[in-house]
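1. Starting from these lines, generate the structure:
(chains A, B, C and D)
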2 protein chains.
Amino acid sequence: MVSRAESAAATRRALLNAAAGLLDTGGPDAVTLRAVGARAGVTRGAPYRHFPDKDSLLTAIAAEALDRLADQVQAVRVDLRVPPADKLRRALSALMTVGRRQPHLYRLMFASPAGDPAAVQAASQAADRAQDEFLAIVGDLVGAQHTRQFAALLLTSVHGITDMEVSGHLSADKWHVTAEELVSTLVSMIGRQARQGSDNATLSL
Amino acid sequence: MVSRAESAAATRRALLNAAAGLLDTGGPDAVTLRAVGARAGVTRGAPYRHFPDKDSLLTAIAAEALDRLADQVQAVRVDLRVPPADKLRRALSALMTVGRRQPHLYRLMFASPAGDPAAVQAASQAADRAQDEFLAIVGDLVGAQHTRQFAALLLTSVHGITDMEVSGHLSADKWHVTAEELVSTLVSMIGRQARQGSDNATLSL
DNA sequence: CATCTCAGATGACAGTGTCAACGGTATAGT
DNA sequence: ACTATACCGTTGACACTGTCATCTGAGATG
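-> Numbering: from 1, shown residues only, chains lettered A, B, ... in the order given. The predicted model follows:
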């Protein structure tokens, strides 16, 4: 009772899930088209019916992950039950959580997208949407004046914190600081800066 | 007139240079042991006499790059002609310059080191030294109280800015901000924070 | 029912990392 | 001075990878 289009879409999904699973558990080296096919119950050549390229498959995974992140941030932004002052922290926390729970996926999300132009564009659009959601949250908090600058600083900094923690370059016994403390310091610093830097009163961060 | 040890050390160096060159020009995919060997004037199996592994070779390259960075930062730190207030900016600029001039090398430096334990340890030590130099510069500037916190925040943030710029995720027409402006804002924010946060007077950033 | 379309299977190929075996040469030991 | 050793580099081989051309069969289309 399954049409051919439905079955094709199902295998496409199975391929994406298989590749994502292999990436999570075994890292990038474990993602081989043969293993992906096997895990999806299909043979090694089948992926080429759905993705022109291995890189395009990986980029599609990154695009989906970025879309999920954008959804999460958007959910936080529009949730009336979340106090506005908490929204930024929660959004940033969503980003860090990806890095901790799925470090290989996280690296893929922040790598330069490769492969088919269509896949690259999809990933870029997803990244754009995620960034726009962050931007909107920051815009709701601080005055419009330096929104972009503060948002960019927040996003890049939290990415740097997460990335160095994930890669093990943020040793706790050297720095005596956790990633959370760093983010917290950063957020409150920017909050203070926003308050005294602009004329109109802004919410407290 | 060349002893055997000298010639061996020479080929080892040639292999490292060849691999680094290939990485710079062609990205990680271009670094194949065969190509490395050919570029170093040697055959495909020769690298195994100097490195147990391809990963170890790459990690050795990362270690050398981190050592060079540490040297640069140290040179800035001890240079009496450099005004103390400029030292931090120059040190951070050295980091960003690596990212811009050698993006693939930069990514390798901040990846989790892989391969032989000895190679991993060498890279970790080099990274440690580079971080210590940054730490020392920050320590000279701000009071000892929150040195580590500020230094960690600076390092991770500038890494995040550089990384996202390198990977193309910091689109200029969305954020209306350059990487330099972000670093500048961050540094002055931390400077302000350090001044008003601690009792003892600190130098201006 | 005849035809077409296309997802998937299969065979093949070049390229890769890695290892085992080999050869030659500078060094060390006597 | 002669031998033995250590060790750098070469070569052949193997398993594995991404990718393509070709083939097959079943659902869609007329």
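2. Contact residues of chain A facing chain B?
-> A:110-112, A:127-128, A:131, A:135, A:148-149, A:151-153, A:155-161, A:163-164, A:166-171, A:174-177, A:181-182, A:185-186, A:189-190, A:192-193 (C-beta under 8 Å from any C-beta of the partner chain). Every residue, glycine included, has its C-beta placed from N, CA and C.
3. Mind checking which of these land in helices?
-> When the residues of chain A next to chain B are checked against helices (DSSP state H), the matches are A:127-128, A:131, A:135, A:148-149, A:151-153, A:155-161, A:163-164, A:166, A:174-175, A:181-182, A:185-186, A:189-190, A:192-193.
4. what's the neighbour count on the closest residue to chain B within chain A?
-> Chain A approaches chain B most closely through A:Gly160 (2.3 Å), counting by C-beta to the nearest C-beta. Counted by other C-beta atoms under 10 Å in any protein chain shown, the residues lying close to A:Gly160 total 25.
5. Can you list the low-confidence ranges for chain A?
-> A:1, A:4-5, A:197-205 (pLDDT under 70).
6. can you list the residues of it near DNA strand D?
-> Within reach of DNA strand D by C-beta under 7 Å from any atom of the strand, chain A has these residues: A:3-5, A:31-35, A:44-45, A:48, A:52-55.
7. Selecting buried members of the residues you listed in ChimeraX, what would you type?
-> Selection command for ChimeraX covering only the buried members of the residues of chain A next to DNA strand D, criterion 16 or more other C-beta atoms under 10 Å in any protein chain shown:
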select /A:31,33,35,54
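8. Out of the residues of chain A next to DNA strand D, which is nearest to B:Gln121?
-> Checking the residues of chain A next to DNA strand D against B:Gln121 by C-beta to C-beta gives A:Val31 as the nearest, at 28.0 Å.
9. close enough to count as contact, the closest one and A:Leu16?
-> No - taking contacts as C-beta atoms under 8 Å, A:Val31 lies outside contact range of A:Leu16: 11.4 Å.
10. Any buried residues in stretch A:54-61, and which?
-> Within stretch A:54-61, the residues scored as buried using 16+ other C-beta under 10 Å are A:54, A:56-61.
11. What is the neighbour count of A:Ala118?
-> By other C-beta under 10 Å, 12 other residues sit near A:Ala118.
12. Next, the closest residue to it other than its chain neighbours: phi, psi?
-> Counting by C-beta to C-beta, 6 or more residues apart in numbering or on different chains, A:Ala118 lies nearest to A:Ser56, which is 7.8 Å off, once chain neighbours are set aside. When quoted as degrees, to the nearest 10, the phi and psi of A:Ser56 stand at phi -70, psi -40.
13. Could you do A:Ala144 as well?
-> Torsion angles, degrees, to the nearest 10, at A:Ala144: phi -70, psi -10.
14. quick one: the residue nearest the centre of chain A from A:Thr59, how far?
-> In chain A, the residue lying closest to the centroid (C-alpha atoms, centre = their mean) is A:Leu66, at 4.5 Å. Distance, A:Leu66 to A:Thr59, by C-beta to C-beta, to the nearest Å: 10 Å.
15. joint contacts of these two?
-> A:Ala123 (C-beta atoms under 8 Å, 6 or more residues apart in numbering or on different chains).
16. In PyMOL, how would I select just the buried ones from the ones in helices among the residues of chain A next to chain B?
-> Selection of buried members from those for PyMOL, criterion 16+ other C-beta under 10 Å:
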select buried, chain A and resi 127+131+135+148+149+151+152+153+155+156+157+158+159+160+161+163+164+166+175+182+185+186+189+190+192+193
